[in-house]
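**Student:** sequence first, then the predicted structure:
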Amino acid sequence: MIPEIGHFALILCLVLSIIQGVLPIWGAYKGNGALMAVARPAALANAFFGTIAFGALAYSFLVSDFTVLNVTNNSNTLLPWYYKLAATWGSHEGSILFWTVTLGWWGAAVSIGARRLPTETVARVTGVLGLVGMGFLAFMLLTSNPFLRLFPSPTQGVDLNPLLQDPGMVFHPPLLYLGYVGFSVPFAFAIAALISGRLDAAWARWMRPWTTAAWVLLTCGIALGSYWAYYELGWGGWWFWDPVENSSFMPWLTGTALIHSLAVTEKRGCFRIWTVLLAILTFSLSLLGTFLVRSGVLTSVHAFATDPERGLFILGFLMIVIGLSFLLFAWRAPTVGLGGNFSMISRESMLLVNNVLLVVAMGAVLLGTLYPLFLDALNAGKISVGPPYFDAVFGPLMMPLLFLMAVGPLARWKEADPKDLMKKLALSFALSLAGGALIPVLMGEFGLWCFAGCTAALFIVLAGVSAIREQIRFAKGSLFSKLRRQPLSWWGMMMAHVGVAVFVIGVALVKGYSTERDVRMFTGEQVTVAGYEFTFHGVTQEQGPNYTADRGHFSLAYNGKPIEELYPEKRKYFSQHSMPMTEAAIRHSLTGDVYVSLGTPTTDGGWVVRAYSKPFVTWIWWGAIIMALGGIVAASDRRYRRKKKKA
């Protein structure tokens, strides 16, 4: 009964998406207020019935209803309840349902949060969201129905992919999808603006909080996925330039450019074409990411679908959305106008270069991700594009971007005085050079990239302090009142930049000074890595709720002083997924991690062990958290909630 309710709710969602997508847009075109008024109730009803459908699938997983094919293929009775819940979006069908429901939630949020916007704008924006939802609902009902029944039903299911049986994967996919789908809102605003011809400061102000919210969620999702790969896969890396990792990183890059472009459009009326283009491009890349992950064209630890026929449907939908969007852009862009003028040395010019660098970086990642797929499709051979390519191309593009991140907040709008900028930044730059040279020396070995990264990060922080001083220099009142009067969007920007600096320091130090050893160890033996002594005490057998594990026992000491006991595991799950899973044991600290993972047993009674020292690696994720907090602060600026004054 519950699966039938979920299936019926999806059919209602499809009907409501057609109503939401067609009637309000037609009403805005004809100036019919009654048709435009349909937008909000249709969006709210769509979200409501989508939530019912998702709840029905989640309930089916929680009670192990094996009459539902999706439950049979992705769960069993031994699975803990929280992994049963994660299985709801862990399968292909469940993930598409979650994508669609998330789109409904965003549509409802816009219909509620945009009450102060003009009725025509709300009608067009929610209409575009309805059309996108209509495509995904049709795809789901035709090719990926999560409620298909199985009779007679088995007494036991297959199991959830062991890679997904981890606390990090309970939260990582939802955050990633909330970010992916969240960029549909700025996309809808951009399409609505192209249709209406209204691209002004008010339009940019309406878009900014939605764009920032999606960016925050995507940032958190990417960071959590990176951390999951770090501790779960057992090789100690935090980013491998995996194609599926790249598919989430590309919209993050263009979404970052979109946030900066919106700031210029709101403040100065410039970059309107850039803003529309980036909004379309970011959502297009989100759709591309969905295609790559769920089409079966990629082999990856992050990709779980293997049905290319369903991938063709997503590809066709992707081409329709992107094609129509860019056709509309090409038709309407000449009427948009360029906005205000600015000199070569100004905040606008620096943000323009920022946008160009981010888009070029995205293009480099896109090329490295798709080029092997094109060669394979043309039967021209198989190649692998890995970290050497991405590190060689991406790093040099980011260095000037980090420099602009430091200088930009101090530059004036429209025209900046180079001498004045140099005067304001001289001390910060000198201190950054000194600090950037000192850090590698303290780490024990000088490295050029470490020096460059630490210098750039320190320059961002110290230049930010100078920017705060300049911002409040002429304000009246106490220091606290001066700081409090600065807009939250400005404080959010400064926090996000500090987060980038923290992230860069973590990347520079972990890439420059990581130490690792792969060794064969017997009980009682010891191995030393970067001054840390790992003593192996053997392996015991452990029983989990749905797995057995070989559990290693290591004593960790530093220069002879005991620190902690570490217990890495090698798990084998009771499922048709035969791959053994590595559970690393990690000692976290502010200055770095010590990491040990258990490999395979050797024929002579030993064990293969990997031991790592990862200095300052946690700064990578702390930096991402600070960036996300900066985005939250910026999105909460009260001017985004201020009611428009009547003329």
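**Tutor:** Thanks, I have the structure now.

**Student:** in the stretch 251-400 of the chain, where is pLDDT below threshold?
**Tutor:** The stretch 251-400 of the chain contains residues with pLDDT under 70 at 295-309, 311, 337-339.

**Student:** show me where it has its strands.
**Tutor:** Counting by DSSP state E, counting those that start in this stretch, the stretch 251-400 of the chain has no strands at all.

**Student:** now the helices: where do they sit in it?
**Tutor:** Using DSSP state H, counting those that start in this stretch, the helices of the stretch 251-400 of the chain run over residues 272-294, 308-332, 347-377, 387-407.

**Student:** let me know which of those helices is tucked in deepest.
**Tutor:** Ranked by mean neighbour count, the helices of the stretch 251-400 of the chain are led by helix 272-294 with a mean of 25 (mean count of other CB atoms under 10 Å). Every C-beta, even on glycine, is put in place using the N, C-alpha and C of the backbone.

**Student:** who are the packing partners of that helix?
**Tutor:** Identification of packing neighbours for helix 272-294 by 3 or more CB pairs under 8 Å, 6 or more residues apart in numbering; DSSP states H and E yields helix 92-113, helix 167-182, helix 184-196, helix 201-232, helix 243-268, helix 308-332, helix 347-377.

**Student:** out of those helices, which is closest to residue 281?
**Tutor:** helix 243-268 (5.2 Å; CB to CB).

**Student:** so residue 629, which state does it fall into?
**Tutor:** helix (DSSP: H, G, I helix; E, B strand; the rest coil).

**Student:** for residue 627, see how far away the closest residue to it other than its chain neighbours is.
**Tutor:** In space, and not counting its chain neighbours, residue 629 is closest to residue 495: 6.0 Å by CB to CB, 6 or more residues apart in numbering. For residue 495, the distance to residue 627 (CB to CB, to the nearest Å) stands at 8 Å.

**Student:** out of the helices and strands packed on helix 272-294, which gets nearest to residue 615?
**Tutor:** helix 201-232 (14.1 Å).

**Student:** pLDDT of that closest one, averaged?
**Tutor:** For helix 201-232, the mean per-residue pLDDT is 91.

**Student:** that helix to helix 243-268, inter-axis angle?
**Tutor:** Counting by axes from the mean of the first three to the mean of the last three CA atoms, to 10 degrees, helix 201-232 lies at 150 degrees to helix 243-268.

**Student:** so which elements touch helix 201-232?
**Tutor:** helix 167-182, helix 184-196, helix 243-268, helix 272-294, strand 581-583, helix 618-635.

**Student:** now these as CSV including distance to residue 224?
**Tutor:** CSV is the format used below for the helices and strands packed on helix 201-232 (distance: least, CB to CB, whole Å):
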stretch, distance to residue 224
helix 167-182, 4
helix 184-196, 21
helix 243-268, 11
helix 272-294, 16
strand 581-583, 17
helix 618-635, 8
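
**Student:** for residue 532, find the nearest of those.
**Tutor:** Evaluated with CB to CB, those place helix 618-635 nearest to residue 532, the distance being 16.1 Å.

**Student:** how about the closest one: buried residues?
**Tutor:** Residues of helix 618-635 classed as buried: 618-624, 626-635 (neighbour count, 16 or more other CB atoms under 10 Å).

**Student:** isn't residue 518 up against residue 608?
**Tutor:** Yes: with contact defined as CB atoms under 8 Å, residue 518 and residue 608 form a contacting pair (6.9 Å).

**Student:** joint contacts of the two?
**Tutor:** Residues touching both residue 518 and residue 608 by CB atoms under 8 Å, 6 or more residues apart in numbering: residue 599.

**Student:** point out where the stretch 501-647 of the chain drops to low pLDDT.
**Tutor:** Residues of the stretch 501-647 of the chain meeting the criterion pLDDT under 70: 576-578, 641-647.

**Student:** please, where are all the strands along it?
**Tutor:** Using DSSP E, counting those that start in this stretch, strands in the stretch 501-647 of the chain cover 515-521, 526-529, 532-543, 547-558, 561-566, 569-573, 581-583, 585-587, 592-601, 607-615.
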